[in-house]
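J.: Quick one: sequence plus predicted model below, questions after.
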Amino acid sequence: QVQLVESGGGLVQAGGSLRLSCAASGRTFSSYTMGWFRQAPGKEREFVAGINWNTVSTTYADSVKGRFTISRDIAKNAVYLQMNSLKPDDTAVYYCAADRWNSPVARRAVSLYDYWGQGTQVTVSS
């Protein structure tokens, strides 16, 4: 049973930083691509960032490029999202997801990811 558990969300002022963590269990993810998505109230879930577990190739949505950094820790079987220069528009529930396809470039479609965490709330005040 694959489990993804996010943590690290919270309330932060605009311009601040947060680091989200995704602890993965149930298997190693050496053949997976991992992604972070977010969903704001009334909006569809959208791709934020992705990383290929083996090549460490990363992909970002244009809206977060230069501000967010995705990384992974093999020893801890974990994925992280460092978020800097946060804006009120970044307010959303953030989800960690795993794609079994092991795409060299992280795929962006929600429907292509096989496993999801429960989400963690990030609120950025102005």
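T.: Cool, the structure landed. Numbering: from 1, shown residues only.

J.: going forward, measure contacts between C-alpha atoms and count neighbours the same way
T.: OK.

J.: correct me, but Val2 touches Phe29?
T.: No: assessed by CA atoms under 8 Å, Val2 is found out of contact with Phe29, at 10.0 Å.

J.: Which of these two has more residues huddled nearby?
T.: Set Val2 next to Phe29 and count neighbours by other CA atoms under 10 Å: Phe29 wins out with 21 against 14.

J.: Got phi/psi on the more buried one?
T.: Dihedral angles of Phe29 (phi, psi; degrees, to the nearest 10) stand at phi -110, psi 30.

J.: Could you give the secondary structure assignment for Gly35?
T.: Look at Gly35: counting by DSSP: H, G, I helix; E, B strand; the rest coil, its state is strand.

J.: before we move on, what about Ala98?
T.: strand.

J.: Give the full set of residues in contact with the residue nearest to it when sequence neighbours are not counted.
T.: Nearest residue to Ala98, sequence neighbours excluded (CA to CA, 6 or more residues apart in numbering): Met34, at 4.6 Å. Counting by CA atoms under 8 Å, 6 or more residues apart in numbering, Met34 makes contact with 50-53, 79, 96-99, 106.
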